[in-house]
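**Student:** model this:
(one chain, ligands or ions: 2)
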Amino acid sequence: MAFSLEQAVPILMRKEIDWAEKNFPAVPEKIPDVVAEDPGWRRQWLNTKRSIDQGQGAPKRPNDPKRRRDVAHYLAMLGHLEFELIVLGCSYAARNYEMPAAWKMCILKQGYDDMQHAASFITRASRMIEEDLWAGIPVPYRKSVDLYRPILQRDLGGFLAAVGLHTEAYPAWTNLSGGGAITDPVIGAWSLHEIEEEAWHLTFLMPAIKQYLHTGTDEEQDRRTRQMVADDQYFIEQAVQPAYKNAKEFAVGRLGMNPEVLYGYEHLNERTQHIYRTIGIEEGYWPAYLKNS
Ligand SMILES: [Fe+2]
Ligand SMILES: [Fe+2]
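**Tutor:** Ligands and ions are numbered 1, 2, ... in the order given. Prediction:
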C-alpha cells in the first residue's frame, strides 16, 4: 500500500514533519561552541560539514530497489528505537524518579527533540520506499528495547546509564551519521542541526550524571559509582559490541558506507575514558583494560 503521511500521522504531529520537509536550516560556517565542546559530536559535525561542502549534501536515494529497502528499513529502525528508548525512557524517568523539576524539564525537552528526530527518520524512510513504516518495520529490533528497559526502569542511575550514556554520550562517538543518514536529502539538510541538538542534550546529561554520582553519604556515592560502571560495562558488552559487528557487516558490508564510519567503534576506550573523566569517575573505579589502554 502506498505511503500517505496524512493517513499515517494525525495533523497535530504532522504539521511539524511537513514543515521540516519544506524548510531547511541554514548551513553554519563555523562549528557551534556547544558542538565543539564534545570530541564525538565535534568529529561528526566536521565530517558532515565537509561532505555538505563537497556537494554530497543533497544525496539521491539509492537507485537499486533492494538497497533502497535496506536503507529505508535501517533508517526506520533508528527512528523507532530513538522513540521507544529515548522518548519513552525520558517520559518514564520524568514521571517516576525523584529529581529537581528543572531536571525533569530538561529530560522532557530532550525527549521532545528526539521525538522529532524519530518522526523524521520514520517518515523519510516511508517515503523512500512508499511504504508505511510508521505502522511497524519488518526487522527485529525489540531485542535492544528489552535490553535497555529493565535497567532504565530500575532507578535514576539506571536511566542515566541507559539514556544518558548509551543513547546519547556513546552515540556522539559511534553514530554512523557521517556516511549514513545522509542518503536522504531532508535528513541530510537537517543533519548539522540535529547534531547540535544532540550536543545540547549532553550539556544537561553529563553534569547531571556527575551530580547524581556525587550525592549522598560516601557509601552511597561509592555504590552509585560502582553501579554506573557496572551498567556501562554491561551495555558495552551487550549493546555496543553487537552494534559494532552489525555496523561492519550491515552498514559497511551491505549498505556500502565508508569504513571511516567505524572510527568511533575502533577507538571505544578513548570515549569511555573521556566519559568517566567528565562525570567524575576516578581511575580506581575503572576496569583494568581501560587503565592500560
Ligand atoms: Fe535524536
Ligand atoms: Fe538526544
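**Student:** how about the residues of the stretch 1-150 of the chain near ligand 2?
**Tutor:** Counting by C-beta under 5 Å from the ion, the residues of the stretch 1-150 of the chain close to ligand 2 are D114. C-beta: built from backbone N, CA, C; applies to glycine.
**Student:** Tell me which stretches of the stretch 1-150 of the chain form helices.
**Tutor:** 5-8, 11-22, 33-36, 39-51, 65-81, 88-96, 101-129, 142-152 (DSSP state H, counting those that start in this stretch).
**Student:** Show me what the second one packs onto, helices and strands only.
**Tutor:** The helices and strands touching helix 11-22, judged by 3 or more C-beta pairs under 8 Å, 6 or more residues apart in numbering; DSSP states H and E, are helix 5-8, helix 101-129, helix 185-213.
**Student:** Buried residues in the last one, which are they?
**Tutor:** By 16 or more other C-beta atoms under 10 Å, the buried positions in helix 185-213 come out as 185-202, 204-206, 208-209, 212-213.
**Student:** Confirm for me that R124 is in contact with G188.
**Tutor:** No. The pair R124 / G188 is not scored as a contact, 9.8 Å apart, by C-beta atoms under 8 Å.
**Student:** circling back: now the helices and strands packed on helix 11-22 in a markdown table, with distance to I281 and mean pLDDT?
**Tutor:** Below are the helices and strands packed on helix 11-22 laid out as a markdown table (distance: least, C-beta to C-beta, whole Å; pLDDT from 0 to 100):
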| stretch | distance to I281 | mean pLDDT |
| --- | --- | --- |
| helix 5-8 | 44 | 95 |
| helix 101-129 | 20 | 96 |
| helix 185-213 | 7 | 96 |
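**Student:** Kindly export stretch 133-148 (C-alpha atoms) in PDB.
**Tutor:** Provided in PDB are the C-alpha atoms of stretch 133-148 (Å, rounded to 0.1, in the frame of the first residue of the first chain):
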ATOM      1  CA  LEU A 133       6.900   2.200   8.200                       C
ATOM      2  CA  TRP A 134       5.000   4.200  10.900                       C
ATOM      3  CA  ALA A 135       2.800   1.100  11.300                       C
ATOM      4  CA  GLY A 136       5.900  -1.100  12.000                       C
ATOM      5  CA  ILE A 137       9.100  -2.400  10.500                       C
ATOM      6  CA  PRO A 138       9.800  -5.900   9.200                       C
ATOM      7  CA  VAL A 139      13.200  -6.000  11.000                       C
ATOM      8  CA  PRO A 140      13.800  -7.300  14.500                       C
ATOM      9  CA  TYR A 141      14.600  -4.500  16.900                       C
ATOM     10  CA  ARG A 142      12.800  -5.400  20.100                       C
ATOM     11  CA  LYS A 143      15.900  -7.000  21.500                       C
ATOM     12  CA  SER A 144      17.600  -3.700  22.000                       C
ATOM     13  CA  VAL A 145      14.400  -2.300  23.700                       C
ATOM     14  CA  ASP A 146      14.300  -5.400  26.000                       C
ATOM     15  CA  LEU A 147      18.000  -5.000  26.800                       C
ATOM     16  CA  TYR A 148      17.700  -1.400  28.000                       C
END
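**Student:** show me where pLDDT drops low in this structure?
**Tutor:** 1, 56-61, 177-182 (pLDDT under 70).
**Student:** Name the residues of it found near ligand 1, please.
**Tutor:** Residues of the chain lying near ligand 1 (C-beta under 5 Å from the ion): D114, H117.
**Student:** Quick one: end-to-end length of stretch 20-32, please.
**Tutor:** 21 Å (C-alpha to C-alpha, to the nearest Å).
**Student:** any idea how far it is from the chain center?
**Tutor:** A distance of 20 Å separates the centroid of the chain from that of stretch 20-32, by C-alpha atoms, centre = their mean, to the nearest Å.
**Student:** Begin at 5, not 1, for the rest of this chat.
**Tutor:** That works, and once the first residue is 5, the last one we named lands at stretch 24-36.
**Student:** buried sites along it?
**Tutor:** Buried, per 16+ other C-beta under 10 Å, within stretch 24-36: A24, E25, I35, P36.
**Student:** which of those residues lies closest to ligand 2?
**Tutor:** Of all the buried residues of stretch 24-36, ligand 2 sits closest to P36, with 15.6 Å by C-beta to the ion.
**Student:** Go ahead and confirm the closest one touches E202.
**Tutor:** No. Look at P36 against E202 with C-beta under 8 Å: they stay out of range, at 11.7 Å.
**Student:** nearest spatial neighbour of Y269, skipping sequence neighbours?
**Tutor:** Y248 (4.1 Å; C-beta to C-beta, 6 or more residues apart in numbering).
**Student:** Give me the contacts around the helix or strand harbouring the one you found.
**Tutor:** According to DSSP states H and E, Y248 maps onto helix 245-250. For helix 245-250, the surrounding residues in contact (C-beta atoms under 8 Å, 6 or more residues apart in numbering) are T178, L266, Y269, L272.
**Student:** Right, I'll leave it there.
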